[in-house]
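Colleague: Compute the structure for the input listed below.
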Amino acid sequence: MKYYISTAFLDTREVVDVARAADELGYDGVGIPDHVVNLETLTTPYPYTRDGQRRWAAFTDWPDPWVLAGALAAVTRRLRFVTTVYIPAMRDPYSAAKAIGTAALLAGGRVELGIGVGWCAEEFALMGQRFDRRGRRTDEMLTLMRQLWQPGWTEFDGEFYTTPKLEMTPAPPPIPIYVGGLSDVALRRAARNDGWIGDLIRTDRAIEVAGRLRALRAENGLSNEEFTILTPLTDALSIADHQRAEDAGITGILTMPWMFYSGPQATLAEKIDGMKRFRDDYRLD
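Modeller: Numbers count the residues shown, from 1 in each chain. The predicted structure follows:
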């Protein structure tokens, strides 16, 4: 099992110290969430709470994930950086590919692209991107960005994007792509790519998802051996719980260890202490 520290809702000024500590303590990676702005008023309900209200308060930090990954790469040696999740369809594919590829190059291949199709129509509108057909645009963007990340010339003629012969240099190391979402179309998209990345979810449900993903991979003649399933598990509170998840094919857990020891108001020192205690309590290698 791999363990990633979630940096969601943290003070950006703390994230460098948290990442440095995670690297030294043997954690595998950090998760970096993505929003460009937080609008005061929305008509789009937040889809991940029962009442449709956002989980965060106004003026919560949302740093740019690729700027942050580049900064964290400079102060760590082995830690990986995964977005939880980045919304490609809210951008144009060229600037997105450039930012992601640059971060991956600076991180020496330690960047993992977790993506979703997005839920906030108002944020799409502000960014000048269409909200409808965003799933199909996301699929095409992933294909195009993979081509842009290859050395040499690229030409592309798609449903949404037409690319004249061009090159994007420097070419980054390989960037695995993990897809979020629980709908059938989202799971099929994940199965076509390199992994699935979850939101807050109970272990039994995550195990169901893992089984569905394995079946979809098999249907497409794809191996599950290198397929990543990375998610928070809201009710996995013991070594036995984590072992059960791993046995079912879940390859990584996203966590905020300090929440078990000091709670959401933990100081930076308490966060780092919680990471140490979690490592020892859960016998992280």
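Colleague: ranges for the helices of the protein?
Modeller: Applying DSSP state H to the chain gives helices spanning 12-25, 65-73, 93-106, 121-126, 134-148, 184-192, 203-219, 239-247, 258-261, 268-281.
Colleague: got a list of what Val179 touches?
Modeller: Gly114, Ile115, Gly116, Ala186, Arg189, Ala190, Asn193, Gly195, Trp196, Ile197 (Cβ atoms under 8 Å, 6 or more residues apart in numbering). Every C-beta, even on glycine, is put in place using the N, C-alpha and C of the backbone.
Colleague: List the single closest residue to Asp17 in space, sequence neighbours excluded.
Modeller: Leaving out its chain neighbours, the residue that sits closest to Asp17 by Cβ to Cβ, 6 or more residues apart in numbering is Leu268, at 6.0 Å.
Colleague: Now do the contacts for the one you found.
Modeller: Glu14, Asp17, Val18.
Colleague: mind running it again at 10 Å?
Modeller: Leu10, Asp11, Arg13, Glu14, Asp17, Val18, Ala21, Trp258 (Cβ atoms under 10 Å, 6 or more residues apart in numbering).
Colleague: likewise Trp119?
Modeller: Taking Cβ under 10 Å, 6+ apart, we find Trp119 in contact with Leu42, Thr44, Pro45, Tyr46, Pro47, Tyr48, Ile87, Phe131, Arg134, Gly181.
Colleague: What's the separation between the fourth one and Trp56?
Modeller: Right, the one you point to is Tyr46. Distance of Tyr46 to Trp56, computed by Cβ to Cβ, to the nearest Å: 10 Å.
Colleague: Which ChimeraX command selects the buried ones in the contacts of Leu268?
Modeller: In ChimeraX, this line selects whichever of the contacts of Leu268 come out buried by 16 or more other Cβ atoms under 10 Å:
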select :10,18,21,258
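Colleague: want to throw the contacts of Leu268 into CSV with pLDDT?
Modeller: Shown next, in CSV, are the contacts of Leu268 (pLDDT from 0 to 100):
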residue, pLDDT
Leu10, 97
Asp11, 97
Arg13, 95
Glu14, 98
Asp17, 98
Val18, 98
Ala21, 98
Trp258, 98
